[in-house]
Every structure is written in structure tokens, then in C-alpha cells.
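Chemist: The following comprises the amino acid sequence and a computationally predicted model.
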Amino acid sequence: MFNKNKTLGEFIIENQTEFQYSTGELSKLINAIRLAAKVVNHEVNKAGLVDILGTAGDTNIQGENQQKLDVLANEKFIQTLKNREIVCGIASEEEDHYISVNSQDENHQNKYVVLMDPLDGSSNIDVNVSVGTIFSIYHRVTPVGTPVTLEDFLQPGKNQVAAGYIIYGTSTMLVYTTGHGVNGFTLNPAIGTFYLSHPNMQFPETGKIYSVNEGNYIHFPQGVKDYIKYCQKEEEDRPYTSRYIGSLVSDFHRNMIKGGIYMYPKSSKAQKGKLRLLYECNPMAFLAEQANGRASDGHQRIMEIEPTELHERVPFFCGSKRMVEKAEEFMQS
């Protein structure tokens with residue numbers, strides 16, 4: 001039995017020795033993310049009561065319309081991470097360039113960079129559907145005490161020291177890994193504390209759910225079309241159920257609990273795919289592999305890909321191990 005009364009703070013302290021660089025900084029960083037998550041959760045739950053719905057009137061570096069809550073979540077996470085003076089650099093899906101922190105202070109010893117999607121699935125806010133925040137943490141590769149460079153952010157996913165997401169839904173959960181399994185914590189809104197609710201989360205080996213935007217079917221590669229037909233075929237263990245929310249965090253979270261595969265392949269409309277390698281795919285791949293799942297671009301392990309640019313996009317197949325392997329078979333054939 002696990003202790004449902006164990007808070008996220010207590011869990012972090014108890015497991016601090018598992019961190020590769022056990023100086024307390026990574027613990028403080030997770031705590032900073034926890035604080036920002038509570039602030040964003042409060043704002044998300046006010047949507048409809050105050051003027052934070054709809055678009056902000058700008059587009060981000062991806063050319064996508066920014067929602068008002070995109071901007072707010074981005075500001076809150078950046079502000080919280082800066083104020084805690086724990087990180088040396090931040091990269092966000094909503095920012096054109098990375099942010100160097102403490103670059104003017106020659107004595108700063110901060111070792112970590114954070115990459116994040118502040119509000120994944122934000123277009124769902126207006127219709128009251130679950131959204132989330134995704135984060136990824138790396139140990140910098142340039143010398144401590146110097147300003148960060150692009151090299152600190154363009155690291156393969158296998159170098160991550162921690163990753164996770166916050167899902168703002170019927171309940172708010174923070175799910176994360178430091179390379180020693182995946183654990184989920186649910187927010188008690190009455191007292192503002194996250195409690196361990198889902199210890200040692202695991203993808204079932206296989207499942208009965210496939211998550212893909214079938215509206216793009218005509219634009220998909222033949223291998224993806226063939227796999228979708230395989231999912232729909234009447235067999236002993238099929239057809240599978242189609243479930244697609246349009247929020248990576250929400251689809252991933254459901255599939256990890258129930259068993260399933262999430263797919264965002266390349267298409268004739270998006271030759272490189274749509275999801276961002278550094279802000280979405282790498283952290284979710286790290287979580288998947290730590291939860292007995294698998295993540296690939298259809299041909300190779302996501303976390304082996306060497307990034308070449310900050311906002312790089314890749315195809316993404318992620319979920320229950322056997323389902324992803326089967327999808328890869330169709331892609332390769």
C-alpha cells in the first residue's frame with residue numbers, strides 16, 4: 001500500500017538521492033514548477049468568469065494563434081522559474097528564442113535548463129476541455145557560471161534529468177519522472193497541496209485505444225493509413241476504440257492509464273510532423289519509457305534524435321509498447 005497522505009514535497013525530499021546531481025537544486029526546481037502549476041490552475045479554473053478566453057491577437061514562433069491563457073501560462077512559469085534563481089536558461093514553445101537567466105552574474109552556479117510547452121491544447125480552453133503543461137529539464141553542457149548557449153538546449157532526449165506534465169482537468173495532476181519511474185500527484189484544491197495519488201504509473205503492454213486526428217487521414221503516409229485500417233479491422237482483439245481529445249497531455253494521460261497509442265504522423269500538409277521535439281515529444285517519450293511504454297518517430301527512438309533547431313518538429317508515435325511496435329512495422333513496410 002502507498003501513503004495517500006504523502007505530499008509532493010515530502011516525496012521529493014525522500015527521493016532526492018536518486019537525482020544524478022544531488023545538491024538540492026533539482027528538488028527546488030520541481031517545487032518551482034509545482035508552484036507555477038498551482039497559479040496556472042487557478043487561472044484556468046477562472047476561465048469564463050474573467051476575460052482570459054479567446055485569442056490574444058498574436059501568433060507564436062510556430063505561426064499559431066496565441067490564446068490569452070497561452071500568454072498567461074508562459075509568463076507565470078517563466079516568472080516563477082526566474083524568481084527562484086534555480087535555472088540558467090529557459091526555452092518555451094511560445095518564445096522565439098531561449099532566455100538566459102543570471103547571464104550578468106558571474107558568480108551564479110545554476111546548472112539546469114528548462115524547456116516547456118506552457119499550455120498544451122489551449123484551443124480547448126474555450127470549450128472547457130482538459131489542457132496541460134509539459135516540461136523537460138536538462139543539465140547544462142556549457143561551463144557553469146557562463147551565459148547559456150543554444151548548445152545547452154539542443155540535447156537529445158536521452159540526456160533529460162527530469163520531465164513531466166500537469167493536466168488541468170476534472171482534477172489537477174502533476175506527473176513526473178527523474179528516471180526512476182513515473183509518479184502522479186493530485187492537487188487538493190481546498191488546501192493547495194499535491195498528494196501522491198498514482199505511484200509507479202505504467203502503460204499496459206497493449207491497449208484498445210488509438211488516438212489520431214483522422215480528419216487528416218487523406219494526408220497521412222500509406223503506413224499510417226494501413227495501421228489505422230488494422231486498428232479498425234474486426235478481429236478477436238479488435239477493432240480498437242478511437243479517442244482523440246486534441247490535447248497531447250490529455251490523450252497521453254488517458255492512454256497511460258487505460259492502454260493505447262497516440263499518433264501525430266507527418267503528412268502532406270506537415271512534412272516534418274507538427275509536434276515539437278524539445279517541448280512535447282522528448283518529455284513525453286521520457287515519461288513513456290519510464291512507464292513501460294515506447295516512443296518513436298515511426299522509424300527510430302525519439303530520445304535518440306539529435307536536435308538541430310529550437311522549434312524542430314518530428315512525427316510522433318507514443319504509448320503502449322506493443323501498439324507502437326506494430327505501428328512501426330506498418331511504417332517500415
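Modeler: Perfect, I can see it now.

Chemist: hey, where'd the strands end up in the stretch 1-150 of the chain?
Modeler: For the stretch 1-150 of the chain, the strands defined by DSSP state E, counting those that start in this stretch cover 55-59, 65-67, 87-92, 99-100, 112-120, 131-139.

Chemist: elements contacting the shortest one?
Modeler: Packing contacts for strand 99-100, counted by 3 or more C-beta pairs under 8 Å, 6 or more residues apart in numbering; DSSP states H and E, involve strand 87-92. (C-beta placed from N, C-alpha, C; glycine too.)

Chemist: average pLDDT for the strand it packs on?
Modeler: Averaged across strand 87-92, the pLDDT comes to 95.

Chemist: same deal with stretch 265-283?
Modeler: Regarding stretch 265-283, the rounded mean pLDDT is 95.

Chemist: who are the neighbours in contact with the closest residue to Arg140 other than its chain neighbours?
Modeler: Using C-beta to C-beta, 6 or more residues apart in numbering and skipping residues adjacent in sequence, the residue nearest Arg140 is Asp152, 4.6 Å away. Residues near Asp152 by C-beta atoms under 8 Å, 6 or more residues apart in numbering: Cys88, Gly89, Val113, Tyr138, Arg140, Val141, Thr142.

Chemist: sec struct for Asp152, please.
Modeler: When classified by DSSP: H, G, I helix; E, B strand; the rest coil, Asp152 comes out as helix.

Chemist: Next one: it relative to Ile90, how far apart?
Modeler: 11 Å (C-beta to C-beta, to the nearest Å).

Chemist: Pull up the overlap in contacts between these two.
Modeler: Common contact partners of Asp152 and Ile90 (C-beta under 8 Å, 6+ apart): Val113.

Chemist: Tell me who's in contact with the nearest residue to Arg243 once chain neighbours are set aside.
Modeler: With sequence-adjacent residues excluded and distances taken as C-beta to C-beta, 6+ apart, Arg243 is closest to Ile209, at 5.0 Å. Contacts for Ile209 were tallied using C-beta under 8 Å, 6+ apart; they are Tyr240, Thr241, Ser242, Arg243, Arg254, Asn255, Lys258, Gly259, Gly260, Ile261.

Chemist: Kindly report the same for Arg34.
Modeler: Contacts of Arg34 by C-beta under 8 Å, 6+ apart are Leu8, Gly9, Leu174, Phe194.

Chemist: What's the local residue count around the residue lying closest to Asn110 once chain neighbours are set aside?
Modeler: Nearest residue to Asn110 in three dimensions, chain neighbours excluded: Cys88, at 4.0 Å (C-beta to C-beta, 6+ apart). Neighbours of Cys88 under the rule other C-beta atoms under 10 Å: 26.

Chemist: Quick check: Cys88 touching Val114?
Modeler: No. Look at Cys88 against Val114 with C-beta atoms under 8 Å: they stay out of range, at 9.6 Å.

Chemist: List the buried residues for stretch 115-131?
Modeler: Under the neighbour-count criterion of 16 or more other C-beta atoms under 10 Å, stretch 115-131 has 115-125, 130-131 buried.

Chemist: what's the span of it, first residue to last?
Modeler: Taking C-alpha to C-alpha, to the nearest Å as the measure, stretch 115-131 stretches 18 Å from start to finish.

Chemist: Check the offset of that stretch from the chain's centre.
Modeler: 12 Å (C-alpha atoms, centre = their mean, to the nearest Å).

Chemist: now swap in stretch 323-333 and tell me
Modeler: For stretch 323-333, the distance to the chain centre is 23 Å (C-alpha atoms, centre = their mean).

Chemist: If I look at the closest residue to Thr241 other than its chain neighbours, what pLDDT would I see?
Modeler: Sequence neighbours aside, Ile209 is the residue nearest to Thr241 in space, at 5.2 Å (criterion: C-beta to C-beta, 6+ apart). Per-residue confidence (pLDDT) for Ile209: 98.

Chemist: okay, now the domains of this structure?
Modeler: By the assignment in automatic domain parsing, the chain contains the domains 8-198, 209-332.

Chemist: rank those domains by mean pLDDT and give me the bottom one.
Modeler: When those are ranked by mean pLDDT, domain 8-198 comes last with a mean of 84.

Chemist: what's the span of that domain from first residue to last?
Modeler: Start-to-end, domain 8-198 (C-alpha to C-alpha) is 12 Å.

Chemist: Any idea how many residues pack against Asn5?
Modeler: 8.

Chemist: so it touches Tyr195, yeah?
Modeler: Yes. Applying C-beta under 8 Å, one finds Asn5 in contact with Tyr195, separated by 6.8 Å.

Chemist: any idea how far the residue nearest to Asn200 when sequence neighbours are not counted is from Asn5?
Modeler: Excluding the flanking residues, the one nearest Asn200 by C-beta to C-beta, 6+ apart is Gly181, at 5.3 Å. Taking C-beta to C-beta as the measure, Gly181 falls 20 Å from Asn5.
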